[in-house]
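*Asks:* sequence and predicted model, in that order:
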Amino acid sequence: MKTSKKLLLVLAAVLTLAGCKSTKGLLPSVSGKAGEVIVVMEKSDWEDTLGGDVRDLLACDCPWLAQKEPLYTLVNVIPSAFGDLFKYHRNIVLFQVNPQMDTTGIAFRHDVWAAPQCAIQITAPTAAAASELLKEKGPMIVSALEQAERDRVIRNTLRYEEHPLYPQLAAIFGGAPHFPTGYKLRMSTDTFAWIADDKQAYQDVFIYRYPVEDDPFTIEKIIAHRNAMLQQNVPGMFDGTYMTTSDFFPLTLEFLKYKGRDFAQVRGMWEVQNDFMGGPFVSHSFYSPDGSEILVAEAWVYAPKFDKRQYLRQVESLLYSWEWKKADAREENEAN
């Protein structure tokens, strides 16, 4: 009897996130603000060590901003209150802590109660076991939420695309990101383009290229080329001013892969030489298809009156929509 009861508990935990799969095509649209996560957890656990561990992981200071902003905005909902209003939220982390369970695990699901939704369920017999699992799988949880937020931006971008931009940029660079309505090509040369959406805040993108050299993906070489490109193409408001990379804030370098494309990602802060302007940037550096050039797609934000987390997350997501230009039938025939 005891074994059967445990089996039913485990089965119920699995079905909690799988129950809506058969009606996926009829799911409502997600609710909630971008960058917000519903954490389903008993209030006693939320106010104790487990809740603290969740906040340390998901509400820590956003690591790529100069000022303090949480990585995500968390909303605690107790399991008994987790009804339809909350089930339609875009991001859900659901804790199922029950002493009658002798298994510990984590499940990642998409589009359970709404679409496009990211739902993560953590199952453990005790709060301490759930905390251990959270610490072990923390990077995977953050990555899943980041990818979900990114995919929503790309999905909306393709739905409401500023269609003239992609062919214009792809003709210069052989490929480009996609951009939503409102973005304009501010300037372009044979090696540099500036795509801008300057409403209440600047959420802009640079694309540029330069010849390959030995060991091109060191942070020193990436930043040296960045500074040279920006000094040449991005002047400030006054004589002798131009955009460059801040030496005050640390830079980070990661090597990532997304949909088969390898790139070096650099995060840091930009500033205007001899002026008082600055903000965060993130750049992706990668080889051209023939390997002869380095291409860089860079997102940056200038929003002195606003929090910057969501502005940067939105424009950074556009970099992941990069698509190489497809050769038309005539080009393919000439190549053959």
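*Replies:* Nice, I can see it. Residues are numbered from 1 along each chain as shown.
*Asks:* residue 177: what's it in contact with?
*Replies:* Residue 177 makes contact with 166, 169, 205, 207, 297, 318, 319, 320, 321, 322, 323, according to C-beta atoms under 8 Å, 6 or more residues apart in numbering. (Each C-beta comes from the backbone N, C-alpha and C, glycine too.)
*Asks:* which of those residues sit farthest apart?
*Replies:* For the contacts of residue 177, the maximum inter-member distance is 15.5 Å, found between 169 and 320 (C-beta to C-beta).
*Asks:* got a winner among the contacts of residue 177 for most neighbours?
*Replies:* residue 297 (26 neighbours; other C-beta atoms under 10 Å).
*Asks:* does it count as helix, strand or coil?
*Replies:* strand (DSSP: H, G, I helix; E, B strand; the rest coil).
*Asks:* what do you get for residue 321?
*Replies:* coil.
*Asks:* give me the distance between it and residue 289.
*Replies:* Per C-beta to C-beta, to the nearest Å, residue 321 is found 17 Å from residue 289.
*Asks:* ditto for residue 198
*Replies:* 32 Å.
*Asks:* so this protein: which segments form each domain?
*Replies:* Domain ranges of the chain: 2-158, 162-330, per automatic domain parsing.
*Asks:* for residue 325, which non-adjacent residue is spatially closest?
*Replies:* Among residues not flanking residue 325 along the chain, residue 170 sits closest, at 4.0 Å (C-beta to C-beta, 6 or more residues apart in numbering).
*Asks:* does that neighbour touch residue 176 like I think?
*Replies:* Yes. Contact criterion C-beta atoms under 8 Å: residue 170 and residue 176 qualify, at 4.9 Å.
*Asks:* the two: who's more crowded?
*Replies:* Using other C-beta under 10 Å as the criterion, residue 170 and residue 176 rank with residue 176 on top: 26 against 16.
*Asks:* check which helix or strand the nearest residue to the more buried one once chain neighbours are set aside maps to.
*Replies:* Excluding the flanking residues, the one nearest residue 176 by C-beta to C-beta, 6+ apart is residue 169, at 3.5 Å. In this assignment (DSSP states H and E), residue 169 forms part of helix 165-173.
*Asks:* average model confidence for that helix?
*Replies:* Average pLDDT, helix 165-173: 97.
*Asks:* what does it rub up against?
*Replies:* For helix 165-173, the surrounding residues in contact (C-beta under 8 Å, 6+ apart) are 176-179, 183-185, 188, 190, 193, 195, 207, 209, 295, 323-325.
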